[in-house]
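>>> pasting the sequence and the predicted coordinates here, then a few questions.
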Amino acid sequence: MIKADLVNKIAREMDIPKQEAEEGVNLFFHSIKEAILKGEEIEIRGFGSFRFRKRTSRSGRNPRTGEPVKVPPKKVLYFKPSKLLKELINS
């Protein structure tokens, strides 16, 4: 499903114009992006949560040259599905 499919589904099921549905979807995604940029964790009950993991610096290797490379520490965003969503997927 892409964003346009989501907008169409919301517009159809709520019986509202597509433009209003798109504004709602855009607002939702914008709010999620703002929270992520602030470093906040996001939890949507019954769906899942977006959280950060910190990766420490490590040594790696350049695949072309084989030279050792230092990989800097970074934060990684990951999605953890809720227990309910996991059960739905595996049923």
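Thanks, I have it. Everything quoted here is computed from the prediction, not taken from an experiment.

>>> for the rest of this, base every contact and every neighbour count on C-alpha atoms.
Fine.

>>> local confidence estimate at residue 91?
Listed pLDDT for residue 91 reads 89.

>>> kindly report the same for residue 24.
In this model, residue 24 carries a pLDDT of 96.

>>> what packs against the strand or helix carrying residue 29?
Counting by DSSP states H and E, the element that carries residue 29 is helix 18-37. Applying 3 or more Cα pairs under 8 Å, 6 or more residues apart in numbering; DSSP states H and E, we find helix 18-37 packed against helix 3-14, strand 42-44.

>>> got any ranges where this structure has weak pLDDT?
Scanning the chain for pLDDT under 70 picks out nothing.

>>> redo that, cut-off 90
39, 91 (pLDDT under 90).

>>> okay, the helices and strands packed on helix 18-37 in TSV with distance to residue 23 and mean neighbour count next?
As requested, the helices and strands packed on helix 18-37 are exported to TSV (distance: least, Cα to Cα, whole Å; neighbours: other Cα atoms under 10 Å):
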stretch	distance to residue 23	mean neighbour count
helix 3-14	9	14
strand 42-44	20	13
